[in-house]
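S.K.: Predicted model and sequence below, questions to follow.
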Amino acid sequence: MVLKIEKKLVLASASPSRKMLLEQAGLAFEVKVSGVDEAVPEDFTPAQTVECLAQRKGRAVLPLCGDAAVIAADSVVSLDERIIGKPKDDEDAKATLRALSGRTHQLYTGVCLLADGKEEVFHQVTDVTFYPLTEEEIDAYVAAGESRGRAGSYGIEGIGVVLVRSISGDYANIVGLPVAETLRRLDALLHR
């Protein structure tokens, strides 16, 4: 790895995508899941929501981590500043994909870094533009099962990549963690 993070690391997330991203960056880490309540005030913006939830997850896991540095994150999809959550069922997933079809939406990821008694919280936004989708494409994608349990009803790191016309910003952020920004900020935090 270009940046040497020599401190023991803990990822406060059950997300397989975040785990994959940190592994791709060459990091050794443990996973500890917070299980915190994810309710936030209804008037929170997408940025406030992801920062609040990342901080809540990180602070919940920190007491279990000894002197390790903690990376916590939360992501949401937003269309017209309205958060689109995980689909309740396949019909809900189809409705979400219809809403995203041919449009640009935002993927917000909030990150909370905790180490050596210090904390930093930030977020990153990536614009994602979908191709116009036919009903057949939507039906086939939802039938493949990839939209289940996913904010915005799709996963860009899987077959959902064929839905995306363009992105503006950090690809890794869409997957679940802006890895380069996270590691640079963590390195700076550890050396303050």
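M.R.: Cool, got the structure.

S.K.: Give me the neighbour count for Ser168.
M.R.: Ser168: 11 surrounding residues under other Cβ atoms under 10 Å. Bear in mind the C-beta positions are built from the backbone N, C-alpha and C, glycine included.

S.K.: who's in contact with it?
M.R.: 126-127, 129 (Cβ atoms under 8 Å, 6 or more residues apart in numbering).

S.K.: What score does the nearest residue to Cys112 once chain neighbours are set aside have for pLDDT?
M.R.: Distances taken as Cβ to Cβ, 6 or more residues apart in numbering put Gly58 closest to Cys112, at 3.7 Å, once the chain neighbours are dropped. On the pLDDT scale, Gly58 is placed at 96.

S.K.: Is Gly58 within a helix or a strand, and which one?
M.R.: Here Gly58 sits within helix 46-61, counting by DSSP states H and E.

S.K.: tell me what the helix or strand just after that helix is packed against?
M.R.: As assigned by DSSP H and E, the chain's next helix or strand after helix 46-61 is strand 69-79. Contacts defined by 3 or more Cβ pairs under 8 Å, 6 or more residues apart in numbering; DSSP states H and E place strand 69-79 against strand 9-12, helix 46-61, strand 82-84, strand 104-115, helix 179-190.

S.K.: Among those, which comes closest to Ala69?
M.R.: Closest to Ala69 of the helices and strands packed on strand 69-79, according to Cβ to Cβ: strand 104-115, at 3.7 Å.

S.K.: which regions of this structure sit below the pLDDT cut-off?
M.R.: 1-4 (pLDDT under 70).

S.K.: List the residues that contact the residue nearest the centre of it.
M.R.: In the chain, the residue lying closest to the centroid (Cα atoms, centre = their mean) is Gly176, at 3.0 Å. Neighbouring residues of Gly176 by Cβ under 8 Å, 6+ apart: 13, 15, 17-18, 21, 73, 75, 109.

S.K.: quick one: Ile159 from Arg165, how far?
M.R.: 15 Å (Cβ to Cβ, to the nearest Å).

S.K.: Those two: who's more crowded?
M.R.: Ile159 (14 against 11).

S.K.: The residue lying farthest from the centre of the chain sits in which helix or strand?
M.R.: Most distant from the centre of the chain: Glu136, at 28.0 Å, with distances by Cα atoms, centre = their mean. Secondary-structure assignment from DSSP H and E places Glu136 in helix 135-143.

S.K.: Show residues contacting that helix.
M.R.: In contact with helix 135-143 (Cβ under 8 Å, 6+ apart) are residues 90, 93-94, 97-98, 101, 133, 147, 153-154, 159-160, 163.
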